[in-house]
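[1] mind looking at a prediction? Sequence and model below.
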Amino acid sequence: MSTDAIVMLRDDHKQIRKLIRAYRAAESGRADGQRDAAGTRHTAADPAAKAEAVDELLHLLSVHTHIEDEVMYPRVRQLVPQTGNTVLEFHEEHHVADVLACELEGMDPADEAFDAKAKVLMEAVERHMEVEEGAWFPEVRRSVGRKELQAIGARMAEAREQAPQRPQRSLLKKLAHALTPV
């Protein structure tokens with residue numbers, strides 16, 4: 001496995017896209033008789049498969065956003081200051097994704113809002129990945145040397161081991177919840 005930070009994040013993006021495709025295949029049911037990417041033929045929407053894809057997505061996003069927020073973004077912001085505004089936008093996009101992920105984490109997949117929240121989360125994540133891969137990663141690769149990207153990747157691998165495995169509510173929300181009378 002590569003320790004190049006960008007390669008590591010792109011690998012995560014591939015896994016995220018695979019889960020999004022799995023969710024959409026389960027949602028559509030492939031009633032037209034077509035097979036999905038895994039070769040499975042579906043004839044009706046599969047709620048269990050949708051729930052499983054979202055569950056795996058929430059896990060992967062929890063880890064992925066943690067290593068970006070804690071390691072990649074701060075270090076790149078130091079090394080490539082002109083990316084500062086983009087990094088701030090990425091933090092805000094992660095915040096929005098975290099809010100949706102926390103709401104989905106505690107939601108019954110049969111809830112009428114589950115699919116809507118899942119779709120909004122997936123669309124936001126897809127847009128975020130497109131911006132990172134299309135503009136930001138190339139800029140970072142041009143500006144940061146290979147050895148530094150490997151050093152960042154090594155720190156990301158360490159952070160991955162300590163990362164939350166599930167969506168975490170922000171401290172402010174935890175405090176508000178704790179202070180709310182039952």
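    Cool, got the structure. Treat the numbers as computed from the prediction; the structure is a model and nothing was measured.

[2] A45: what secondary structure?
    Following DSSP: H, G, I helix; E, B strand; the rest coil, A45 is assigned to coil.

[3] OK, contacts around it?
    The contact partners of A45, taken as C-beta atoms under 8 Å, 6 or more residues apart in numbering, are 26-29. C-betas here are computed from N, CA, C, even on glycine.

[4] was I right to think V76 contacts R142?
    No: with contact defined as C-beta atoms under 8 Å, V76 does not count as touching R142 (12.0 Å).

[5] and the two? Which one has more around it.
    V76 (25 against 8; other C-beta atoms under 10 Å).

[6] most neighbours among the contacts of A45, please name it.
    A26 leads the contacts of A45 on contacts (other C-beta under 10 Å) with 23 neighbours.

[7] pretty sure that one contacts I20?
    No: in this structure, A26 is not within contact of I20 by C-beta under 8 Å, at 10.9 Å.

[8] circling back: let's have the contacts of A45 in a markdown table, adding pLDDT.
    What follows is the contacts of A45, written out as a markdown table (pLDDT from 0 to 100):
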| residue | pLDDT |
| --- | --- |
| A26 | 90 |
| E27 | 86 |
| S28 | 81 |
| G29 | 72 |
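
[9] of all the residues you listed, which comes closest to A151?
    A26 (39.7 Å; C-beta to C-beta).

[10] tell me which helix or strand the closest one sits in.
    Here A26, judged by DSSP states H and E, is contained in helix 5-28.

[11] which residues does the next helix or strand after that helix contact?
    Toward the C-terminus, helix 5-28 is succeeded by helix 47-67 as the next helix or strand (DSSP H and E). The contact list for helix 47-67 (C-beta under 8 Å, 6+ apart) reads 9, 12, 15-16, 19-20, 22-23, 25-27, 94, 97-98, 101, 104-105, 109-110, 114-115, 118, 121-122, 125, 156, 159-160, 163-168.

[12] from the middle of its chain, how far away would the helix holding A26 be?
    9 Å (C-alpha atoms, centre = their mean, to the nearest Å).

[13] in it, what counts as buried?
    5-6, 8-9, 12-13, 16, 18-20, 22-23, 25-27 (16 or more other C-beta atoms under 10 Å).

[14] which ones are touching the closest residue to T83 other than its chain neighbours?
    Take T83 and drop its neighbours on the chain: the residue closest to it by C-beta to C-beta, 6 or more residues apart in numbering is V76, 5.9 Å away. Going by C-beta under 8 Å, 6+ apart, V76 touches 83, 87, 140, 144, 152.
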